[in-house]
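Student: okay, sequence plus prediction incoming.
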Amino acid sequence: MNPTDNPAAASLADARARFIHLWGVSGSSWGVSKTLAQVHALLLVSPVALSTEDLMEQLTISRGNASMTVRELLDWGLIYKELRPGERREYFVAEKDMLQVTRCIIRARKRRELDQMKRTLDELAALPGDPADAGYRAFHTALTDIQQLANVSDKLLTRLMQAEKSWFWDKFLKL
């Protein structure tokens, strides 16, 4: 049956396409590639596991792009392999629990960005200098302020990663 023969199916197909496009465009704002976000979106809304070939066909992307994107999503913990006995193809399914998705994203971003920034700030703060020098004091004050913010952010993100669903939503809704 052609989706255009059934208005509800056409609406669902349009809505899925719009969601995948929105997630892809938003991904660029979040610092990830449009393709990575689109593959994630497609797997999020797919009721069944999809193969690399399915991803390539539905998103019109190359095998190399699909493979690299799948590898990165696996590294982030946002998708999982689904093994099928007798199948040579690998199939992938997205984590559907949005709190778990949030935890995976926080963990990956913290590891890739915040932890690296904290290490560099610690190295820079350890550089010797003359406290009587106004330039050194200004530099050291800025570093200290940023380190304090980074440490508070680190603690907050760690708590969010460990949060139970009820605690998370309760705190989020109070904001």
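Tutor: On my side now, so go ahead.
Student: use CA for all of it now, contacts and neighbours both
Tutor: Fine.
Student: kindly export stretch 132-142 (C-alpha atoms) in CSV.
Tutor: C-alpha atoms of stretch 132-142 as CSV (Å, rounded to 0.1, in the frame of the first residue of the first chain):
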residue,chain,number,x,y,z
ALA,A,132,52.3,41.2,42.5
ASP,A,133,52.0,41.3,38.7
ALA,A,134,48.5,42.7,37.7
GLY,A,135,48.5,40.6,34.5
TYR,A,136,49.2,37.4,36.4
ARG,A,137,46.6,38.2,39.0
ALA,A,138,43.9,38.9,36.4
PHE,A,139,44.8,35.7,34.6
HIS,A,140,44.8,33.6,37.8
THR,A,141,41.5,35.1,38.9
ALA,A,142,39.8,34.3,35.6
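Student: where exactly do the strands run in this structure?
Tutor: Taking DSSP state E as the criterion, the chain contains strands spanning 50-51, 79-82, 91-94.
Student: would you mind giving the domain segments of the protein?
Tutor: 3-94, 98-174 (automatic domain parsing).
Student: pick the most deeply packed of these.
Tutor: Among the domains of the chain, domain 3-94 has the highest mean neighbour count (mean count of other C-alpha atoms under 10 Å), at a mean of 16.
Student: backbone phi and psi for the residue located most distally from the centre of the chain, please?
Tutor: No residue in the chain sits farther from the centre than Ala132, which is 44.5 Å out by C-alpha atoms, centre = their mean. Note on Ala132: backbone dihedrals following degrees, to the nearest 10 are phi -80, psi -20.
Student: any idea of the pLDDT on it?
Tutor: You'll see Ala132 listed with a pLDDT of 88.
Student: next: Phe92.
Tutor: 97.
Student: repeat that for Ala10.
Tutor: 70.
Student: distance of it relative to Ile20?
Tutor: Going from Ala10 to Ile20 by C-alpha to C-alpha, to the nearest Å gives 15 Å.
Student: then Glu87?
Tutor: From Glu87 over to Ile20 (counting by C-alpha to C-alpha), the distance is 28 Å.
Student: for Ser46, same thing?
Tutor: Separation of Ser46 from Ile20 (C-alpha to C-alpha): 11 Å.
Student: which stretches of this protein form helices?
Tutor: Secondary structure of the chain (DSSP state H): helices located at 7-30, 34-45, 52-59, 63-76, 98-109, 115-125, 134-162, 165-174.
Student: pull the CA atoms of the first one into PDB?
Tutor: Okay, so that is helix 7-30. Backbone C-alpha positions of helix 7-30 (Å, rounded to 0.1, in the frame of the first residue of the first chain) are rendered in PDB as follows:
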ATOM      1  CA  PRO A   7      -3.900   9.900   4.700                       C
ATOM      2  CA  ALA A   8      -3.000   8.700   8.200                       C
ATOM      3  CA  ALA A   9       0.100   6.900   6.800                       C
ATOM      4  CA  ALA A  10       1.000  10.000   4.800                       C
ATOM      5  CA  SER A  11       0.700  12.100   7.900                       C
ATOM      6  CA  LEU A  12       2.900   9.700   9.900                       C
ATOM      7  CA  ALA A  13       5.500   9.600   7.100                       C
ATOM      8  CA  ASP A  14       5.500  13.400   6.900                       C
ATOM      9  CA  ALA A  15       5.800  13.700  10.600                       C
ATOM     10  CA  ARG A  16       8.600  11.300  10.800                       C
ATOM     11  CA  ALA A  17      10.500  13.100   8.000                       C
ATOM     12  CA  ARG A  18       9.900  16.400   9.700                       C
ATOM     13  CA  PHE A  19      11.200  15.000  13.000                       C
ATOM     14  CA  ILE A  20      14.300  13.500  11.400                       C
ATOM     15  CA  HIS A  21      15.000  16.900   9.700                       C
ATOM     16  CA  LEU A  22      14.400  18.800  12.900                       C
ATOM     17  CA  TRP A  23      16.700  16.500  14.900                       C
ATOM     18  CA  GLY A  24      19.400  16.800  12.200                       C
ATOM     19  CA  VAL A  25      19.200  20.600  12.200                       C
ATOM     20  CA  SER A  26      19.200  20.700  16.000                       C
ATOM     21  CA  GLY A  27      22.300  18.400  16.000                       C
ATOM     22  CA  SER A  28      24.300  21.100  14.300                       C
ATOM     23  CA  SER A  29      23.500  23.400  17.200                       C
ATOM     24  CA  TRP A  30      24.500  20.800  19.700                       C
END
